[in-house]
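Participant: Show me the folded form of this:
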Amino acid sequence: MKHPSFFEARETVAQWVESNHKTLKNKRVSIVTLKDDEACLRVELNFGECLSEIIVSEPDFAPYRYVSFQAARIANGIPDLLYSWYDKEETTTQEIIENLNKAMNIVLGHINSAKGT
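Facilitator: Now for the predicted structure:
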């Protein structure tokens, strides 16, 4: 399988955000693009009880190749990392999509279970 270039990874994430925009809005998730240029795509997803960030960049030093997803919440006044995922050298475009979907399911599942729904 082909491993995406930076620009392919960036476009994959941008398309994922666009294709999931309506679904996330219906779940009361606020989506804000913090940065969108040739060097970086940075999107914040605010779930109310949880804040997530997707970053696509070419970092000099980071635990990921191009794509980073992190979700955190504040529990009893203490920041708590709920979930994180980072791509690797061998990650495919399909795996990026699958892991972003998985991340959303985990975060939304956590929020729903915390609300008792």
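
Participant: quick one, strands of this structure?
Facilitator: Along the chain, the stretches classed as strands by DSSP state E are 30-36, 40-46, 51-57, 67-75, 78-86.

Participant: do you know which of the ones you listed lies nearest residue 114?
Facilitator: For residue 114, the closest of the strands of the chain is strand 67-75, at 8.7 Å, according to C-beta to C-beta. (Glycine included, C-beta is placed from N, CA and C.)

Participant: For that closest one, name the packing helices and strands.
Facilitator: Packing partners of strand 67-75 (3 or more C-beta pairs under 8 Å, 6 or more residues apart in numbering; DSSP states H and E): strand 51-57, strand 78-86, helix 93-115.

Participant: Would you give the sheet partners of the first one, along with the direction of each?
Facilitator: Pairing partners of strand 51-57, with direction, according to DSSP bridges: strand 40-46 (antiparallel), strand 67-75 (antiparallel).

Participant: Out of the ones you listed, which gets the lowest mean score?
Facilitator: Ranked by mean pLDDT, the strands paired with strand 51-57 end with strand 67-75 at the bottom, a mean of 92.

Participant: so that one versus helix 93-115, what angle?
Facilitator: 10 degrees (axes from the mean of the first three to the mean of the last three C-alpha atoms, to 10 degrees).

Participant: number of nearby residues for residue 62?
Facilitator: As a burial measure, residue 62 scores 12 neighbours (other C-beta atoms under 10 Å).

Participant: and what of residue 106?
Facilitator: Neighbour count for residue 106, taken as other C-beta under 10 Å: 14.
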